[in-house]
Every structure is written in structure tokens, then in C-alpha cells.
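In: pasting the sequence and the predicted coordinates here, then a few questions.
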Amino acid sequence: MAMSRDEIFDQVKEVLVDALGLDDDEVTEEATLMGDLGAESIDFLDIVFRLEKAFGIKVPREELLPAESLLTNPEYVSNGKLTAKGLSELKAKMPHTDFSDFEDDPDVNKLMDLFTVQSIVNFVETKLS
Amino acid sequence: MRWIWIDKFLEFTSGQRAVALKNVTLAEEHLHDHFPGFPVMPECLMIEAMAQTAGILVGEARKFEEKVILAKIKKAVFHHYVRPGDTITIHAEMESIAPEAASTTGQIRRGDELIAEISLMFSHIDQNLAGKKFPEENFVFTDMFNSLLTGFIADNRTEPQG
């Protein structure tokens, strides 16, 4: 039977609590992984491994974290901001992410704020459907 | 000099599991101070023993082509002291491995007694840290480490037949 969104959220929450050593109530849908929950780069790989195990899915790294490959392309980044082309490319690759705040100021330093608990839940939901 | 913190392998199944053994002796000078009159193996050095056992398991799975670095201690729970004269076995299992990283779970035991549970993450550093360059040679896996595996790799690696 398909999992409900709440069930997916609860499971994602458990993954994040274990991977990042958090308290249950710290994990909200809006929380950003790096800024709010203190994730470091290796934690993302840890989270990927745990999501794969928890949901029985395969998570190619570039699918969950496509920003890395964009950043090295001068066509997509100019003066520390994503170009229009870069932004549309990123949006296409991250359909599970809310870009509404980021679009106003696509500073690459704010890229990591795109990774919220909600974006992971959305990602898993897409993968499972 | 590299500090080898396991004495030998007892089992090695490529990409899956490894069991190493360490004899703990009062000849290890740090035990004289940890603690005076009550020598016990420091828990951080149990993590090191697991990092070496599991790290070699991870390295061998990619034929020692990656530089494997301990990146995260996911879990470290200690149940008992380890004293001079004890023989401990370090049991490491591969949990996941990807181009960039690997995760392992494991236990340290003294006979059948559970001493510690240690889960680790390793980074293949050339595949991470975009833009940073590391030396060409694999400074992680030296000949000394490889010598530990003598007799195990040849026994376990399946060569394509004729």
C-alpha cells in the first residue's frame, strides 16, 4: 500500500534525527538541512544511504544534489549568482523543491537553503509514486 | 610511520565483512597513563581499530584505488572496559557503498561478550570536496596495510577463469 505523506514525513524525520543527532521537535517541514539542522557535507551522503534503506529506493546522488555539477559551469553561474539559464536548469533537475524565495536572489551561497525537510519528503514521495 | 592498530585478520570477505583481532598489552605505553593503576584501552582507540578494519574493507572493495578517509562516527556505544591481556575481535560489515562514500556497522567483542557497537562513514576523498586536489599516490593504503591482507585477498578474490 502506498505511504501517506504523513507516514513519509515521520520516516524522513526518523532518518534525520538518527543521522544528525537531533531531537524530534527540531525536524519541521520548513527546517533547512544545513542552516537549521546543522548538516555537513558528509551528512548528506549519510542521509542518502539511510533514505535508501528506510524506503527501499535508489537515490543517485546527482538527483538529490544536482547543484554541484551546475556550479562548475560558467554558463550557469555569473558573479556568484545563478544565471537565468542556470536557474531554469536547476529547477528542471529539482522539481521537488520550492524555489519561490531563492528566485528573487539566486546567490549560490544560498543554494544550500533549498534543501529543506520538505524538499526531501517531496523527493521521496516522487520516488515512491 | 603508520600506526597499525590491528594485529591480523581472521576473516575477509570482499565488499561484505571483515573480522580482525587485536591483542591488548601493557607494553602499550599509553595504558600506563590511562589510567595510573587502572589500565584500560581508550575508547577512541577502539574506534581507531574499527576504522582500520572497516576502512580496509571499504578500500579493498574498490581495489584500493580510492583514498578512504574516516568521515563520521555514526554510532559508538561502549559496554565494557578492555584491559591489558585481553584479546578483542573487531567485526565490520559493509552497509552501503557508493562512488563517493561508504558506511559500515560493526561490533567489538571479547570472546562472545559484546564490548562496543561502532558504525562509521568513510569518504572517498577524490570524489568529494570539489576542486581540492590530493596527491596522486594513495597515502591511505600503504604496503604495511596490504601485508595484513596477505592470504585473504588471494583466497577471496574470484579471478575470471580461463
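Out: Sure thing, it's come through. Computed from a prediction, not measured in an experiment: that's the story for all the values here.
In: tell me, how many residues neighbour A:L87?
Out: 17 (other C-beta atoms under 10 Å in any protein chain shown). (C-beta placed from N, C-alpha, C; glycine too.)
In: I'd like the distance between it and B:M144.
Out: 51 Å (C-beta to C-beta, to the nearest Å).
In: tell me the mean pLDDT for the strand or helix carrying B:C44?
Out: Assigned by DSSP states H and E, B:C44 belongs to helix B:43-61. Averaged across helix B:43-61, the pLDDT comes to 96.
In: check stretch A:6-17 too.
Out: For stretch A:6-17, mean pLDDT rounds to 96.
In: residues in contact with it?
Out: A:3, A:22-24, A:27, A:29, A:33, A:37, A:47, A:50-51, A:54-55, A:117, A:120-121, A:124-125, A:128 (C-beta atoms under 8 Å, 6 or more residues apart in numbering or on different chains).
In: could the C-alpha coordinates of that stretch be exported in PDB?
Out: Output in PDB follows, covering the C-alpha atoms of stretch A:6-17 (Å, rounded to 0.1, in the frame of the first residue of the first chain):
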ATOM      1  CA  ASP A   6       2.500  12.000   6.900                       C
ATOM      2  CA  GLU A   7       4.000   8.500   7.000                       C
ATOM      3  CA  ILE A   8       6.800   9.600   4.700                       C
ATOM      4  CA  PHE A   9       7.400  12.700   6.800                       C
ATOM      5  CA  ASP A  10       7.600  10.600  10.000                       C
ATOM      6  CA  GLN A  11      10.100   8.200   8.400                       C
ATOM      7  CA  VAL A  12      12.200  11.100   7.000                       C
ATOM      8  CA  LYS A  13      12.100  12.700  10.400                       C
ATOM      9  CA  GLU A  14      13.500   9.500  12.000                       C
ATOM     10  CA  VAL A  15      16.200   9.300   9.400                       C
ATOM     11  CA  LEU A  16      17.200  12.900  10.100                       C
ATOM     12  CA  VAL A  17      17.000  12.500  13.900                       C
END
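In: buried stuff in that stretch?
Out: Buried residues in stretch A:6-17, counted by 16 or more other C-beta atoms under 10 Å in any protein chain shown: A:I8, A:F9, A:Q11, A:V12, A:K13, A:V15, A:L16, A:V17.
In: from the chain's centre, how far out does the helix or strand hosting the second one sit?
Out: Right, A:F9. Using DSSP H and E, A:F9 sits within helix A:5-20. Mean C-alpha position of helix A:5-20 versus that of the full chain (C-alpha atoms, centre = their mean, to the nearest Å) differs by 13 Å.
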